[in-house]
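**Q** sharing a model prediction with you, sequence too.
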Amino acid sequence: MSLIGSIVSKILHPFGSSEAQAAESSTSSSKPSETQAQPSSGGGSAPASTPTSGGTASGGAAASGGSVDVEAVLNDLAAKNPQKLNWRTSIVDLMKLLDLDSSLHARQQLADELHYTGDKNDSASMNIWLHKQVIKKLEENGGKVPADLKD
């Protein structure tokens with residue numbers, strides 16, 4: 001699974017739906033720029049109880065019963081984490097909170113997935129851009145994002 005796929009899945013599918021992860025994984029490897037916006041928007045991997053017609057453009061979270069409150073999920077994870085992580089502004093802390101590799105190499109890989117065109121060795125600029133893009137992808141995939149985190 002791609003890094004952005006892992007981030008979206010861990011936040012918007014916090015209970016680890018294997019069907020959602022399978023759909024995320026299979027679609028993110030085929031057409032990353034298109035499928036990231038709609039990771040599980042139909043196909044044979046939808047659960048039998050989920051209607052496949054009349055779906056929304058926002059992706060799997062909306063199709064499975066409404067949007068996921070991104071802030072609530074991340075605040076809950078932060079409350080359970082022994083480290084004080086500032087997920088609201090730091091891509092490194094957000095990735096740590098989700099138990100993902102937050103190394104420079106991993107963030108450069110995420111930048112590649114999200115088509116970052118800046119200097120990946122300027123980690124401060126890249127990190128700010130990455131955080132904004134991850135928040136944007138969460139919203140595109142049906143997550144309810146706090147207004148103060150939107151551009």
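**A** Ah, there it is. Residues are numbered from 1 along each chain as shown.

**Q** pLDDT score for S28?
**A** The per-residue pLDDT reported for S28 equals 42.

**Q** give me the contacts around the longest helix along the chain.
**A** Counting by DSSP state H, the longest helix found in the chain is helix 123-140. Contact with helix 123-140 is made by 4, 7-8, 11-12, 36-37, 58-59, 70, 89-92, 94, 104, 107-108, 110-111, 114, 116, 118-120, 145, 149-151, as judged by Cβ atoms under 8 Å, 6 or more residues apart in numbering. C-betas here are computed from N, CA, C, even on glycine.

**Q** after it, next one along is what?
**A** Once the chain leaves helix 123-140, the next helix or strand it forms, by DSSP states H and E, is strand 143-144.

**Q** avg pLDDT for that next one?
**A** Average pLDDT, strand 143-144: 96.

**Q** show me what it packs onto, helices and strands only.
**A** The elements that strand 143-144 packs onto, with contact taken as 3 or more Cβ pairs under 8 Å, 6 or more residues apart in numbering; DSSP states H and E, are helix 3-12, strand 68-69, helix 70-80.

**Q** please redo it, this time with the cut-off set to 7 Å
**A** On a contact count with 3 or more Cβ pairs under 7 Å, 6 or more residues apart in numbering; DSSP states H and E, strand 143-144 meets strand 68-69.

**Q** which of the contacts of helix 123-140 fall in helices?
**A** Of those, the ones assigned to helices by DSSP H are 4, 7-8, 11-12, 70, 91-92, 94, 104, 107-108, 110-111.

**Q** now the buried members of these.
**A** Listed as buried from the ones in helices among the contacts of helix 123-140 are 4, 7-8, 11-12, 70, 91-92, 94, 107-108, 110-111; burial here means 16 or more other Cβ atoms under 10 Å.

**Q** the residues you listed into a markdown table, with extra columns for distance to W129 and pLDDT?
**A** A markdown table is the format used below for those (distance: Cβ to Cβ, whole Å; pLDDT from 0 to 100):
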| residue | distance to W129 | pLDDT |
| --- | --- | --- |
| I4 | 13 | 95 |
| I7 | 15 | 96 |
| V8 | 17 | 95 |
| I11 | 19 | 94 |
| L12 | 21 | 93 |
| V70 | 19 | 96 |
| I91 | 9 | 98 |
| V92 | 13 | 98 |
| L94 | 13 | 98 |
| R107 | 10 | 98 |
| Q108 | 12 | 97 |
| L110 | 10 | 98 |
| A111 | 8 | 98 |
